[in-house]
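Trainee: below are the sequence and a predicted model; questions follow.
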Amino acid sequence: MTDKNFKRDGWKFAFKSAFPHTLPILAGFLFLGMSYGFYMRTQGFSALFPIIMSVVIFGGSLEFVTVSMLLSPFAPVTTFFMALVIQARHLFYGVSMLDKYKGAKKLKPYLIFGMCDESFSINCSVKIPEGADKNKFYFCVTALNHFYWVAGAALGALIGGLVSFNTEGIEFVMTAMFVVIFLENWLKEKRHVSSLIGVLSSVLCLVIFGKDHFLIPAMVVIACLLSLFRKPVCGGDEE
Amino acid sequence: MTLTEQIITIGLCSIATMLTRFLPFFVFSGKRELPGFVQYMGKALPPAVFGMLAVYCLKGVSVLRFSYGIPELIAIAVVILIHLWKRQMLLSIAAGTAVYMALIQTVF
């Protein structure tokens, strides 16, 4: 028993406790990554493209857009700004994780590098199991998710055409996960002002600006409302 | 596009992504204490962002065209009910996904 406890803050325990949290991502990323890898092959790219892109970009929605950029005339400035706009939501993740990633030392650059929607959501909302080293836990979540995505893209690129089984609808696993994370947070929080601001602003902007352009306006509205309603948002919690 | 241009395009997408991920950490790096407003945003943002991400996942759903978002609505209801009942994240996610897959493969 004591021997076991002694090893608890090591990598093995961090990995063991992180892995179950990444299972929905395993399902979602393998599938989405595979469709992405296969899609790139059907567009005439070598298998290296989706594999390298999933390693260095590691952002699903942008990678799909990058495919159409690669098929259009070379436009570096447009490419760069479109990528910035698509990825702007990560700014919010960074601000939210400043404190949590503070003491991560050598692991920090990778934690930030691999901070996709899913890794952010898990690391931001999870309760670190007792005894586990939090930075190693964060690292395992991030690296596992990154690995699933790259593995999915590679599989899709290499054998995508060979497998066909009915997976229609499996992408819902990501939606279900974000709904559960939102709900779990809702059940824990004392006040729902911020949760409500997030959902309502996003829905409103989605209706007004449409699905391809709503994220930036939604982020602006969320930031403005949170600054305006500082008191109601944190209530008595703020010291 | 030449291979070089393709590499530049991919590189730019990677740099832009990293910029959005690293920027807050660069701006607020070092030993100094975070400004009060940033500390507040760090705490206030996550619930709003979780909500935003849930909506983001559903952005492609049209309530005006067939299937009117009904399978999504049912599956999310299943996720919520099962989660309120058992509070087991993986179970809620798996059940909701299974229901959704069954719905769009058979009914819708």
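Mentor: Structure received.
Trainee: check whether the longest helix along chain A comes near chain B.
Mentor: In chain A, assigned by DSSP state H, the helix with the most residues is helix A:134-159. No: on the criterion C-beta under 8 Å from any C-beta of the partner chain, helix A:134-159 is out of touch with chain B, staying 11.2 Å away. C-beta coordinates here come from the backbone N, C-alpha and C atoms, glycine included.
Trainee: report all helices and strands that that helix contacts.
Mentor: In terms of contacts (3 or more C-beta pairs under 8 Å, 6 or more residues apart in numbering or on different chains; DSSP states H and E), helix A:134-159 is packed against helix A:11-18, helix A:23-42, helix A:48-56, helix A:108-113, helix A:117-125.
Trainee: now these in TSV, with mean pLDDT, mean neighbour count and distance to chain B?
Mentor: Output for the helices and strands packed on helix A:134-159, formatted as TSV (pLDDT from 0 to 100; neighbours: other C-beta atoms under 10 Å in any protein chain shown; distance: least, C-beta to the nearest C-beta, whole Å):
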stretch	mean pLDDT	mean neighbour count	distance to chain B
helix A:11-18	93	18	14
helix A:23-42	88	22	5
helix A:48-56	96	20	4
helix A:108-113	97	18	5
helix A:117-125	95	23	5
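Trainee: report the rounded mean pLDDT for stretch A:153-169.
Mentor: Mean pLDDT, computed over stretch A:153-169, is 80.
Trainee: okay, that stretch in CSV with CA atoms only?
Mentor: Taking C-alpha atoms only, stretch A:153-169 is exported to CSV below (Å, rounded to 0.1, in the frame of the first residue of the first chain):
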residue,chain,number,x,y,z
ALA,A,153,-5.6,11.5,-39.6
ALA,A,154,-2.9,9.0,-40.4
LEU,A,155,-5.4,6.0,-40.4
GLY,A,156,-7.8,7.9,-42.6
ALA,A,157,-5.0,8.9,-45.0
LEU,A,158,-3.5,5.5,-45.3
ILE,A,159,-6.5,3.1,-45.1
GLY,A,160,-9.5,5.5,-45.2
GLY,A,161,-10.8,4.0,-48.5
LEU,A,162,-10.7,0.5,-47.2
VAL,A,163,-12.9,0.6,-44.2
SER,A,164,-16.6,1.3,-44.5
PHE,A,165,-18.9,0.7,-41.5
ASN,A,166,-21.8,2.8,-40.5
THR,A,167,-20.5,5.5,-38.3
GLU,A,168,-22.9,8.1,-39.3
GLY,A,169,-23.6,10.4,-36.3
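Trainee: now do that stretch: distance to the chain's middle.
Mentor: Offset of stretch A:153-169 from its chain centre (C-alpha atoms, centre = their mean, to the nearest Å): 22 Å.
Trainee: list the buried ones in it?
Mentor: For stretch A:153-169, burial by neighbour count (16 or more other C-beta atoms under 10 Å in any protein chain shown) applies to A:153-158, A:160, A:169.
Trainee: neighbours around residue 88, how many?
Mentor: Just going to use chain A. 16 (other C-beta atoms under 10 Å in any protein chain shown).
Trainee: chain B is the one I meant
Mentor: Other residues lying near B:Gln88 total 13 when counted by other C-beta under 10 Å.
Trainee: same question for B:Pro35.
Mentor: Counted with other C-beta under 10 Å, residues neighbouring B:Pro35 total 10.
Trainee: excluding sequence neighbours, find me the nearest residue to it.
Mentor: In this structure, B:Pro35 finds its nearest non-sequential neighbour in B:Phe28, 7.9 Å apart by C-beta to C-beta, 6 or more residues apart in numbering or on different chains.
Trainee: wouldn't the one you found be in contact with B:Phe37 here?
Mentor: No: applying C-beta atoms under 8 Å as the test, B:Phe28 and B:Phe37 come out as separate, 11.0 Å apart.
Trainee: more neighbours, these two?
Mentor: Legend: neighbour count by other C-beta under 10 Å for B:Phe28 and B:Phe37, higher for B:Phe28 (18 against 10).
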